[in-house]
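# What shape does this take:
(4 chains)
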Number of protein chains: 2
Amino acid sequence: MTAKQLTAKGAETRRRIVAAAAQLMYEQGITETTMEELRAATGASSSQIYHYFADKQALLLAVIDYQTEAILDLQTPHIDRLDTIGGLRAWRDLLVENQKRMQCRGGCPIGTIGSQTAENNPDARLAVASGYLRWENAIRAGLTTMHRRGDLDGDPGDLALALLTALQGGLLMTQIHRTVRPLEVALDTVIDHIASLTREIPAA
Amino acid sequence: MTAKQLTAKGAETRRRIVAAAAQLMYEQGITETTMEELRAATGASSSQIYHYFADKQALLLAVIDYQTEAILDLQTPHIDRLDTIGGLRAWRDLLVENQKRMQCRGGCPIGTIGSQTAENNPDARLAVASGYLRWENAIRAGLTTMHRRGDLDGDPGDLALALLTALQGGLLMTQIHRTVRPLEVALDTVIDHIASLTREIPAA
DNA sequence: CGAAAAATGGATTGTCCAATCCAAAATGCG
DNA sequence: CGCATTTTGGATTGGACAATCCATTTTTCG
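From the prediction side, this is the model:
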């Protein structure tokens, strides 16, 4: 893959390019992001970009990895505390606040890429799928803990997937409608359902 | 908008173009669909397309309307019977079966357009938002009936939105993972939750 | 220090594609 | 029938954009 030997400076340039590409693709879409814009945004030359990435496709795959990390980072430490209803609600609040800060723009950084590439870019689709899997696993961990503890009745795997799908749908509709309500309602509904399967006394 | 006087033949040509454009854009994305492909698919000439549509943007807006109708059509008559748990489950089965038939390809016809245009095409975003609203209203109607009848405890508006977001998230993740499970789990979870708020005895 | 490898500059190329243009044919309508 | 309007043909244009190329500078490391 990255067969080349990277110097510290080179690694930094590469990182700058990926970060800017991620930002641009997030803000305006993949096809709509041109290499020239990327040059302008990074102050890099054309040969620099093609020195670090074989083509736009390779860059896109790097962006997907970058965004997957960014998403998981954004959710720490909350994502590691999904083993109580209170933890779930705090996580929900974080996600909702984040969308408010974004003025409901952008949607999910990997979901939007997935949607744009699913039918015409198998490698990108698989990379997004793998990102989703990491995310789903992180969510499931908390629910599994609840279940093992005996506090949760119901399949933690199903509920984790239900949370992530609610989140994805909520982000999409929030992006389209430019209001945070779909995200709130989607997450609240699934969390309420989890709470109803729980022995724990729901926090006020 | 459509200021021109359309003859029967002209209307038919226009319809053919929109249908083919909808199909192509659904299968490969908006930007990836070229006017030349569209010509090939419809057997129409360049001037025909530009005779009926000012530009690609106008065509896209027509496609959004077309797909909104198509989605609602697909769900009849089930969408008008969402006032019982059985009706909700039958609707769920229809949606799941449909994705299976599609081999989990394509996702939601308007959701994918929304995702591709939300940040760089305000008119398209609004058209998709309006399509979502019609959809949401159709779902809410059934739940409102349940609620008025006294069978449902809980806000029909919130639950309708939760159903639609679950559906959107489920469709997206089904498309990415190429398995129908996310859609099944997402819908089942919300429907189970609705059932738990219901006086009705859930059908076996 | 000095040769090899890595990083950068920037002009260029070839392709693709949305949109235009100038007709000609078909259809509607009085 | 005959004029106006609508529909169709297809070649063309102009711009945008991914990717290449050749050269120069900088860094690494023995």
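# for the record, mean pLDDT for the longest helix along chain A?
Ranked by residue count and defined by DSSP state H, the top helix of chain A is helix A:122-149. The average pLDDT within helix A:122-149 is 98.
# which helices and strands does that helix pack with?
Helices and strands touching helix A:122-149, by 3 or more C-beta pairs under 8 Å, 6 or more residues apart in numbering or on different chains; DSSP states H and E, are helix A:56-75, helix A:109-117, helix A:156-177, helix B:156-177. Where you see a C-beta, it was placed from the backbone N, CA and C, and this is true even at glycine.
# ok, residue A:112 to chain B distance?
6 Å (C-beta to the nearest C-beta, to the nearest Å).
# Now do the same contact list for that residue.
Contact analysis of residue A:112 by C-beta atoms under 8 Å, 6 or more residues apart in numbering or on different chains lists A:26, A:29, A:106, B:115, B:118.
# which two in those residues are spaced the farthest apart?
A:26 and B:115 (12.0 Å; C-beta to C-beta).
# Let's verify residue A:106: helix, strand, or coil?
coil (DSSP: H, G, I helix; E, B strand; the rest coil).
# okay, residue A:26 and residue B:115: which has more neighbours?
residue B:115 (29 against 23; other C-beta atoms under 10 Å in any protein chain shown).
# what residues are up against the residue nearest to the more buried one when sequence neighbours are not counted?
Excluding its sequence neighbours, the residue lying closest to residue B:115 (C-beta to C-beta, 6 or more residues apart in numbering or on different chains) is residue A:115, at 3.9 Å. For residue A:115, the contact set (C-beta under 8 Å, 6+ apart) comprises B:107, B:111, B:112, B:115, B:116, B:172, B:175.
# Please apply the same query to residue A:68.
Contacts of residue A:68 (C-beta under 8 Å, 6+ apart): A:110, A:130, A:131, A:134, A:135.
# Tell me the pLDDT of it.
98.
# Could you do residue A:9 as well?
89.
# Hey, what's the angle from whichever strand or helix holds it to helix A:109-117? Just curious.
Using DSSP states H and E, residue A:9 sits within helix A:8-28. Orientation note: helix A:8-28 sits at an angle of 70 degrees relative to helix A:109-117 (axes from the mean of the first three to the mean of the last three C-alpha atoms, to 10 degrees).
# Now helix A:8-28: buried residues?
A:13, A:14, A:16, A:17, A:18, A:20, A:21, A:22, A:23, A:24, A:25, A:26 (16 or more other C-beta atoms under 10 Å in any protein chain shown).
# now stretch A:62-76
Result for stretch A:62-76 [16+ other C-beta under 10 Å]: buried residues A:62, A:63, A:64, A:66, A:67, A:68, A:71, A:75.
# thinking the last one is in contact with residue A:91, fair?
Yes - the pair residue A:75 and residue A:91 passes the contact test of C-beta atoms under 8 Å, sitting 7.0 Å apart.
# how distant is stretch A:64-79 from the center of its chain?
6 Å (C-alpha atoms, centre = their mean, to the nearest Å).
# Could you check how far residue A:56 is from residue A:30?
8 Å (C-beta to C-beta, to the nearest Å).
# neighbour-wise, which of the two wins?
residue A:30 (22 against 17).
# Do you know the pLDDT at the more buried one?
97.
# That one should be in a helix, yeah?
No - looking at residue A:30 with three-state DSSP, it is coil, so not inside a helix.
# List the residues that contact it.
Residue A:30 neighbours (C-beta under 8 Å, 6+ apart): A:60, A:113, A:116, A:117.
# mind putting those in TSV, distance to residue A:82 and pLDDT included?
Formatted as TSV, those follow (distance: C-beta to C-beta, whole Å; pLDDT from 0 to 100):
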residue	distance to residue A:82	pLDDT
A:60	30	98
A:113	25	98
A:116	29	97
A:117	29	97
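# which of those has the most neighbours?
Busiest of those [other C-beta under 10 Å] is residue A:113, holding 29 neighbours.
# Pretty sure residue A:126 is one of the things it touches, is it not?
No - taking contacts as C-beta under 8 Å, residue A:113 lies outside contact range of residue A:126: 11.9 Å.
# Show me what counts as buried in stretch A:152-160.
A:152, A:154, A:155, A:156, A:157, A:158, A:159, A:160.
# Span of it from start to end?
12 Å (C-alpha to C-alpha, to the nearest Å).
# burial measure for residue A:134, as a count.
With other C-beta under 10 Å as criterion, residue A:134 counts 12.
# What of residue A:140?
Residue A:140 has 21 nearby residues by other C-beta under 10 Å.
# Identify the residue nearest it in space, chain neighbours excluded?
Going by C-beta to C-beta, 6+ apart, residue A:140 has residue A:160 as its nearest residue, at 3.7 Å.
# For residue A:137, see how far away the one you found is.
The value you get for residue A:160 to residue A:137, if C-beta to C-beta is used, is 8 Å.
# And residue A:13, by the same measure?
32 Å.
# Then residue A:75?
From residue A:75 to residue A:137 the distance is 13 Å (C-beta to C-beta).
# wait, isn't residue A:6 in contact with residue A:13?
No - with contact defined as C-beta under 8 Å, residue A:6 and residue A:13 do not form a contacting pair (9.1 Å).
# give the contact list for the residue most central in space within chain A.
In chain A, the C-alpha nearest the mean C-alpha coordinate belongs to residue A:71, at 4.2 Å (C-alpha atoms, centre = their mean). Residues near residue A:71 by C-beta under 8 Å, 6+ apart: A:108, A:109, A:110, A:131, A:135.
# go again using 10 Å as the cut-off
Applying C-beta atoms under 10 Å, 6 or more residues apart in numbering or on different chains to residue A:71 gives the contacts A:79, A:108, A:109, A:110, A:111, A:131, A:132, A:134, A:135, A:138.
# And the pLDDT for the residue in chain A that chain B sits nearest to?
Closest contact between chain A and chain B, by C-beta to the nearest C-beta, is at residue A:169 (2.9 Å). Looking at residue A:169, its pLDDT reads 98.
# how about the nearest residue to it, chain neighbours excluded?
Nearest to residue A:169 is residue B:169, by C-beta to C-beta, 6+ apart, at 2.9 Å.
# Could you tell me which residues make contact with that neighbour?
A:108, A:111, A:161-173, A:186, B:108, B:111, B:182-183, B:186-187.
# How about residue A:57?
A:117, A:121, A:123, A:124.
# Which pLDDT value belongs to the residue lying closest to residue A:81 once chain neighbours are set aside?
Nearest in space to residue A:81, with sequence neighbours left out and distances taken as C-beta to C-beta, 6+ apart, is residue A:87 at 3.9 Å. Looking at residue A:87, its pLDDT reads 98.
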